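[1] one predicted model, sequence on top.
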Amino acid sequence: MQQKTRTVSDKFWLVLKGLAMGAANKVPGVSGGVVAFVAGFYEEFIYSLQKINGKAFKLLIVGRFKSFWAYINGKFLGLLILGMLISYFTVSLLLDLALDHYPLLVWSAFFGMILGSIYYIAKDYDDWNRKNIALLILGTILGVSISLLDPAQENDQLLFVFFCGFIGVSGMTLPGLSGSFILILLGNYVLLLVDSVNALYVTLVDIITLDFSFTSDPEQMRLLKVLLVFSAGSLTGLVTLSHLLGYLLKKYKNNTNAVIIGFITGSLGVVWPWKTEVFKQDINGSILQDMNGSPILDNYSRFIPSSLSLENCLAIFFISIGILIVVALGKYGDKTRASG
């Protein structure tokens, strides 16, 4: 794949795209892959990840760093990853606060973004034969089925944590399949995307202030080890899935896109704004808690609003805002593809 010459503006926008992908991946039910798809850099993202292969490692081992960087489209991947890292320590933390205090409005905005994504991706799709319609329906059924599964309990065994990383990174590579929601189903969302990330943040602050007492804190060291294994699993999954998706996009592009549209449609149930959390209970009706004392999420109880209250009107407004954000992203993506 021929690499593009990027201006300072292009580099800035790439960091913002990575930031948007990182934020989307943090929200259960939302896929960072959708951001890449709508913003027009999904295929470059997948094909760049494909370049992380045996040839790339050979270049790295023999010390040909510039050739390695050019071969894997390093400027593109590096700026995206930089944006994602910034997101995990800024936007993601703000999203956590917003979900705690204004859940209806946040879910409404993301619901609108998913609706806008379905329209944007489907509007130019012109290969609606029987096979692709069947694949669309299959993708939708799988997406809905995933949303109805009951979450497991938290598990910090390192092999399972590696598996969580491998599967959880799917939200970056497969639009419509939310990595965060998969982690909720696996029972490790709080452990991997909240507790371990917070432990890393605290550790970095400690190192900057030359305080190394964290090395004698077993809980902090446990969380850092968990995060390291989770990151290794995510990297392995990212590279592996990108090779599979790259092959499918090359050989069966329209079929793959039909499944992707179905996945995204099926994910609407996860981000439906009007819902309440349902927590697991024991036989006596007491709410079960994980090892950190947090209530264990069982699933969501979804409902249709029965009145046009101010809160519901605001929710509808935020759905519209979400749709407009995707439309703006889509137009920028079209412009990017036209200039490329």
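    Great, that's in hand. Numbering: from 1, shown residues only.

[2] buried residues in stretch 196-212?
    Neighbour-count burial for stretch 196-212, counted by 16 or more other C-beta atoms under 10 Å, picks out 196-197, 199-200, 203, 206. (Each C-beta comes from the backbone N, C-alpha and C, glycine too.)

[3] ok, stretch 302-313 next?
    Under the neighbour-count criterion of 16+ other C-beta under 10 Å, stretch 302-313 has Asn312 buried.

[4] which stretches of the stretch 101-250 of the chain form helices?
    Under the criterion DSSP state H, counting those that start in this stretch, the stretch 101-250 of the chain contains helices at 103-123, 130-147, 158-168, 170-173, 179-185, 189-190, 196-208, 218-251.

[5] so, low pLDDT: which residues of the stretch 201-340 of the chain?
    Within the stretch 201-340 of the chain, the segments meeting pLDDT under 70 span 289-294, 296-300, 332-340.

[6] on that earlier part again, with respect to Gly269, which of the buried residues of stretch 196-212 is nearest?
    Gly269 has its nearest neighbour among these in Val197, at 26.8 Å by C-beta to C-beta.

[7] go ahead and confirm the closest one touches Ser87.
    No. Using C-beta atoms under 8 Å, Val197 is not in contact with Ser87; the gap is 11.1 Å.

[8] can you tell me which of the helices of the stretch 101-250 of the chain is most buried?
    Each of these was scored by mean neighbour count; the highest is helix 170-173, a mean of 26, by mean count of other C-beta atoms under 10 Å.

[9] residue ranges of the strands in the stretch 201-340 of the chain, please?
    Remark: strands assigned in the stretch 201-340 of the chain by DSSP state E, counting those that start in this stretch are 275-279, 297-302.

[10] how far does the first one sit from the chain's center?
    Put plainly, it is strand 275-279. Chain-centre distance of strand 275-279: 22 Å, with C-alpha atoms, centre = their mean, to the nearest Å.

[11] other SSEs contacting that strand?
    Applying 3 or more C-beta pairs under 8 Å, 6 or more residues apart in numbering; DSSP states H and E, one finds that strand 275-279 contacts strand 297-302.

[12] ramachandran coordinates for the residue lying farthest from the centre of the chain?
    Farthest-out residue of the chain from its mean C-alpha position, per C-alpha atoms, centre = their mean: Asn284, at 36.5 Å. Per-residue torsions, Asn284: phi -90, psi 0 (degrees, to the nearest 10).

[13] ok, now how distant is it from Ser301?
    Note on Asn284: its distance to Ser301, by C-beta to C-beta, to the nearest Å, is 21 Å.

[14] now swap in Leu210 and tell me
    The gap separating Leu210 from Ser301 is 49 Å, by C-beta to C-beta.

[15] could you do Ser108 as well?
    Per C-beta to C-beta, Ser108 is found 17 Å from Ser301.

[16] hmm, Leu227 is touching Tyr201, no?
    No. The pair Leu227 / Tyr201 is not scored as a contact, 10.6 Å apart, by C-beta under 8 Å.

[17] for the stretch 1-150 of the chain, give me the ranges with low pLDDT.
    Along the stretch 1-150 of the chain, the model assigns pLDDT under 70 to residues 1-8, 28-29, 92-93, 150.

[18] grab the nearest non-local neighbour of Leu82.
    In space, and not counting its chain neighbours, Leu82 is closest to Val15: 5.7 Å by C-beta to C-beta, 6 or more residues apart in numbering.

[19] likewise Ala199?
    Looking at Ala199 with C-beta to C-beta, 6+ apart, the closest residue is Leu223, at 3.7 Å.

[20] these two touch, right, that neighbour and Asp195?
    Yes. Here Leu223 reaches Asp195: they are 5.8 Å apart, a contact under C-beta under 8 Å.

[21] mind listing residues that contact stretch 67-87?
    By C-beta atoms under 8 Å, 6 or more residues apart in numbering, the residues outside stretch 67-87 that reach it are 1, 3-4, 6, 11, 14-23, 25-26, 41, 44-45, 47-49, 51-52, 55-56, 59-60.

[22] show the buried residues in those residues.
    Among the contacts of stretch 67-87, those buried by neighbour count (16+ other C-beta under 10 Å) are 14-23, 25-26, 41, 44-45, 47-49, 51-52, 56, 59-60.

[23] circling back: JSON lines for the helices of the stretch 101-250 of the chain, including distance to Lys331?
    Below are the helices of the stretch 101-250 of the chain laid out as JSON lines (distance: least, C-beta to C-beta, whole Å):
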{"stretch": "helix 103-123", "distance to Lys331": "9"}
{"stretch": "helix 130-147", "distance to Lys331": "25"}
{"stretch": "helix 158-168", "distance to Lys331": "31"}
{"stretch": "helix 170-173", "distance to Lys331": "23"}
{"stretch": "helix 179-185", "distance to Lys331": "27"}
{"stretch": "helix 189-190", "distance to Lys331": "33"}
{"stretch": "helix 196-208", "distance to Lys331": "33"}
{"stretch": "helix 218-251", "distance to Lys331": "23"}
